[in-house]
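Starting from these lines, generate the structure:
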Amino acid sequence: MSMASTKNLVPSHFSFLNSNPKFTFPKTLSFSLYSNPFCITCSKKVKRRGKLRYPSEKKKLKQQQEAQVDVENKFEGIWRLSKLSVSVHKDPGKDFFGVSDALLQEIAKVLEFPVASMLPQEAFKVVRKSFDARKLQKEQKFVYTVDVDVHKLLNLEPRTWEFISELEPKVGLIEHLPQDRTSGDIMSIVHACRKLGQDATTSEHGDRNLCNGSHTNASHRKPKVAVVGSGPAGLFASLVLAEFGANVTLMERGEAVEKRGRDIGALVVRRILQEESNFCFGEGGAGTWSDGKLVTRIGRNSGSVLAVLETLVHFGAPQKILVDGKPHLGTDKLVPLLQNFRRYLEKLGVTIMFGTRVDDLLVKDKHVVGVKVSDSRDNSSHSMNQQLGYDAVVLAVGHSARDTYQMLLSHGVSLVEKDFAVGLRVEHPQELINSIQYSGLANEVQSGRGKVPVADYKVVEYVNTNAIALPSNSAPRNHSCYSFCMCPGGQVVLTSTDPSELCINGMSFSRRSSKWANAALVVTVSSKDFAALDLHGPLAGVEFQRMFERRAAAMGGGNFVVPVQTVTDFLDNKLSGTSVPSSSYRLGVKATNLHELFPSHITSSLQQSLLKFDKELPGFISSSALLHGVETRTSSPVQISRSADTYECTSLRGLYPIGEGAGYAGGIVSAAVDGMYSGFALAKSLGLFHGSIELILGKAQSAGVAKY
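Okay, here's the model as predicted:
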């Protein structure tokens, strides 16, 4: 009988015989009391070693070796417990992020503590909570990750000492952290860097390798930096640079969120498109009027992502985004957050110029020395240009700033074609998606006010178009098709920046309470797709987008009316009639055969993927599901070449292309992270910072093509 078996035979009340928390049984006790001479032994299993191991065994062994950290003192720091499951019927619900009695029961099981009610709730902190509604399991459940503060736990309940002493790391389940990984918001990180830098200049014991940096000497001129674009990348770059003491000017071609909201209202109600202030341009970038998703593929637990989320909380985001497995804000939460962000930047001395379009760069000896700007509100030919000098220019434009791409080419800047995705936006009744995902639990949604989250989905398929007769010089035959920017309880909105073009996106408010669910169903496209339509050069992807946006506008009949088709008709390549299900799109829809929109291989990919999606989500194919055209701006169609270390453009010194428009991000969080790292890199180049941010937040990661 093994020691593990004998341990289970010891009555649990023996653990409490001695009030001393360091009391343990003698090692000989379990053998003398529970030895068994009549045991049957089996031959030892021969383990594969070295090259004989299967790849799966090598991977598992590597994970185990990484998990087997040398825990010198189990009674210090944090124990992180993952994959703790609580039945939806026992959990308080999606809006509760504390430690419930049911969660205490699961914690007690991991600690092997006999009485869950004796565990002090104050010693535990929920760091992640998500809802698992997969149909393969017996019942839906909430899944938690919990941190155990050992010091606090032992102070409040000394009898847990023995149980902590038995804890061992397990891959994906139990992890020991020497200290809390909480990084704090960006302001506190920069302040810590400045303090360490100042200490290093006055003491021989300062840590010069970590953050040896501070403001430049007061007698020297502050470096002047222009940040072009007030999306997440531009805002976070401005924040870091201003905190380090740079003289920052933030330029935005669009309007502040207050005015921008009125311009969007005029578009939705009176069809008046302000070409510089709309769903794409303005304070906060394109993500402001969206679902406000904060999910990212660059590491949910990374220090950089946590720093961004902490900063958003500082400016008014709800605390739950730090814990929610699928955090989102919604437009109604983003607007006041951006106002708070702006006020803070202004207090730091940042000059913010709305309605200011950067028309050109001032270049001298292959070095950017300033920008040429104009009033984007003045559409007359007499609009005056102004030249402004700067030590560096951070280019944080969005993926719709097509005129900026053209301007960069005129200066010989290296722009590279980048894969992106195009397709259609599908809309279902939200009740149908709730029913598909939750079955009998669908009535618990209650328009976003219930116990479980409003149901969403994420689907991906790899489709093959070999069955279609295509020209030999046509596009590739294999495509990835996936859902993008799924907006539960949302609406379809217009994201055109030109009245002759039509493109759409989805948005929702924080409660996600509308009666519709929408998501883009998109197909990846590349340079081969562009070449098949005789489109070449760095901006071939931009022209590819324009081609289908103009075609969609024509199919809708103009005036921003969107061409639509039911999913069932799209699969059958027919048009049953002019009557279609109701749509959340407020500028009108027109029944059209969407097979006339894209090349056949893209249409076929969408058809095949819909059939496969329906197998994964039975009921997805429905006559009440409506396809809207066209979704083209999933991510930037180009990437502006830059140094991986300094973030400086490889073609022009003094220019720092960042964020989604530069091709290095794919959503709010990844763009903010890119802006943050570039801010530190530029501060270092300007002599404001002499450390390594990677030592604090880890190595930066690029999001690449966006897949929400």
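
Grab the most central residue of this structure for me.
Note on the chain: the residue nearest the mean C-alpha position is Thr296, at 2.4 Å, using Cα atoms, centre = their mean.

Spit out the contact partners of that residue.
Thr296 makes contact with 305, 666-667, 669-670, 673, 703, according to Cβ atoms under 8 Å, 6 or more residues apart in numbering. For every residue, glycine as well, the C-beta is placed using N, CA and C.

Go again with 10 Å.
Contact analysis of Thr296 by Cβ atoms under 10 Å, 6 or more residues apart in numbering lists 302, 304-305, 308-309, 327, 665-673, 701, 703, 706, 708.

cool, Pro232 as well?
So Pro232 contacts 284-288, 308, 312, 341, 396, 398, 659-660, 665, 667-676 (Cβ under 10 Å, 6+ apart).

Do you know the pLDDT at it?
According to the model's per-residue confidence, Pro232 sits at a pLDDT of 98.

So in that sheet, which strands flank the host helix or strand of Lys590, and in what orientation?
Per DSSP states H and E, Lys590 falls inside strand 589-591. Sheet neighbours of strand 589-591, with direction, are listed as strand 562-566 (parallel) (DSSP bridges).

Helix or strand next in line after the partner strand, which one?
Once strand 562-566 ends, the next helix or strand along the chain (criterion: DSSP H and E) is helix 567-572.

Which strands or helices does that next one pack on?
Helices and strands touching helix 567-572, as assessed by 3 or more Cβ pairs under 10 Å, 6 or more residues apart in numbering; DSSP states H and E, comprise strand 420-429, strand 562-566, helix 600-616, strand 626-631.

Quick check: which of those is nearest to Met486?
Taking Cβ to Cβ as the criterion, Met486 comes closest to strand 420-429 out of the helices and strands packed on helix 567-572, the separation being 9.7 Å.

Give the rounded mean pLDDT of the closest one.
When pLDDT is averaged along strand 420-429, the result is 98.

For the next helix or strand after that strand, C-alpha coordinates in PDB please.
Following the chain from strand 420-429 toward its C-terminal end, the next helix or strand by DSSP H and E is helix 430-438. Extracted as PDB, the C-alpha positions of helix 430-438 are listed here (Å, rounded to 0.1, in the frame of the first residue of the first chain):
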ATOM      1  CA  GLN A 430     -30.300  36.400 -30.000                       C
ATOM      2  CA  GLU A 431     -32.900  34.000 -28.600                       C
ATOM      3  CA  LEU A 432     -31.900  31.400 -31.300                       C
ATOM      4  CA  ILE A 433     -28.200  31.700 -30.400                       C
ATOM      5  CA  ASN A 434     -29.100  31.400 -26.700                       C
ATOM      6  CA  SER A 435     -31.100  28.200 -27.400                       C
ATOM      7  CA  ILE A 436     -28.300  26.700 -29.600                       C
ATOM      8  CA  GLN A 437     -25.600  27.300 -27.000                       C
ATOM      9  CA  TYR A 438     -27.500  26.800 -23.700                       C
END
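
Tell me how far helix 430-438 lies from the chain's centre.
With Cα atoms, centre = their mean, to the nearest Å as the basis, the distance from the averaged C-alpha position of helix 430-438 to the chain average is 24 Å.

do stretch 148-157 as well
Taking Cα atoms, centre = their mean, the mean C-alpha location of stretch 148-157 is offset from the chain mean by 34 Å.

can you put the helices and strands packed on helix 567-572 in a markdown table and add mean neighbour count and distance to Ser410?
A markdown table is the format used below for the helices and strands packed on helix 567-572 (neighbours: other Cβ atoms under 10 Å; distance: least, Cβ to Cβ, whole Å):
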| stretch | mean neighbour count | distance to Ser410 |
| --- | --- | --- |
| strand 420-429 | 25 | 23 |
| strand 562-566 | 25 | 35 |
| helix 600-616 | 20 | 32 |
| strand 626-631 | 27 | 29 |
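
Next, format those as JSON lines and append distance to Asn443.
Compiled in JSON lines, these are given as follows (distance: least, Cβ to Cβ, whole Å):
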{"stretch": "strand 420-429", "distance to Asn443": "15"}
{"stretch": "strand 562-566", "distance to Asn443": "27"}
{"stretch": "helix 600-616", "distance to Asn443": "23"}
{"stretch": "strand 626-631", "distance to Asn443": "24"}
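
Out of these, which is closest to Ile272?
Counting by Cβ to Cβ, Ile272 lies closest to strand 562-566 out of those; the figure is 17.3 Å.

Compute the first-to-last residue distance for stretch 284-304.
The separation between the terminal residues of stretch 284-304, taken as Cα to Cα, to the nearest Å, is 20 Å.

Also stretch 366-386?
End-to-end distance for stretch 366-386: 21 Å, by Cα to Cα.

got the buried residues for it?
Of the residues in stretch 366-386, those scored as buried under the neighbour-count criterion (16 or more other Cβ atoms under 10 Å) are 368-371, 373-377.

which of those sit farthest apart?
Farthest apart among the buried residues of stretch 366-386 by Cβ to Cβ are Val369 and Arg377. That separation is 26.4 Å.

what's the closest non-adjacent residue to the residue nearest to the centre of the chain?
Taking Cβ to Cβ, 6 or more residues apart in numbering as the measure, Thr296 lies nearest to Val669, with 4.1 Å between them; neighbours along the chain are not counted.

Work out the gap between the helix or strand harbouring that neighbour and the centre of the chain.
Mapping Val669 onto the secondary structure by DSSP H and E places it in helix 668-685. Helix 668-685 sits 15 Å away from the centroid of its parent chain (Cα atoms, centre = their mean).

same check, this time on stretch 522-539
Once both centres are worked out by Cα atoms, centre = their mean, stretch 522-539 turns out to sit 27 Å from its chain's centre.

what comes up buried for that stretch?
With the criterion 16+ other Cβ under 10 Å, stretch 522-539 contains buried residues 522-525, 527, 529-530, 532, 535, 538-539.

So which of these are in strands?
The subset of the buried residues of stretch 522-539 located in strands under the criterion DSSP state E comprises 522-525.

Could you pull up phi and psi at the closest residue to Glu543 other than its chain neighbours?
Beyond its immediate neighbours in the sequence, the residue positioned closest to Glu543 (Cβ to Cβ, 6+ apart) is Leu535, lying 4.9 Å away. Leu535 adopts backbone torsions of phi -110, psi 120, taken as degrees, to the nearest 10.

what sits against Leu535?
Under the criterion of Cβ under 10 Å, 6+ apart, the contact list for Leu535 reads 417, 527, 529, 541-544, 546-547.

what's the answer for Ala442, then?
430-436, 450, 452, 455.

Measure how buried Ala317 is and give me the count.
The local packing of Ala317 (other Cβ atoms under 10 Å) involves 22 other residues.

Identify each buried residue in stretch 308-322, please.
By neighbour count, and taking 16+ other Cβ under 10 Å as the criterion, the buried residues in stretch 308-322 are 308-318, 321-322.

Using a markdown table, please lay out those residues together with secondary structure and distance to Arg271.
As requested, those are exported to a markdown table (DSSP: H, G, I helix; E, B strand; the rest coil; distance: Cβ to Cβ, whole Å):
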| residue | secondary structure | distance to Arg271 |
| --- | --- | --- |
| Val308 | helix | 36 |
| Leu309 | helix | 37 |
| Glu310 | helix | 41 |
| Thr311 | helix | 37 |
| Leu312 | helix | 34 |
| Val313 | helix | 38 |
| His314 | helix | 39 |
| Phe315 | coil | 34 |
| Gly316 | coil | 33 |
| Ala317 | coil | 33 |
| Pro318 | coil | 35 |
| Ile321 | helix | 35 |
| Leu322 | helix | 40 |
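
What is the nearest of the residues you listed to Leu173?
The shortest approach to Leu173 among the buried residues of stretch 308-322 belongs to Leu322, at 21.8 Å (Cβ to Cβ).

For the residue lying closest to that closest one once chain neighbours are set aside, give me its contacts.
Here the nearest residue to Leu322 in space, its sequence neighbours aside, is Leu309; by Cβ to Cβ, 6+ apart that works out to 5.6 Å. The contact partners of Leu309, by Cβ under 10 Å, 6+ apart, come to 183, 185, 294, 296, 300, 317, 319, 321-324, 327, 669, 672.
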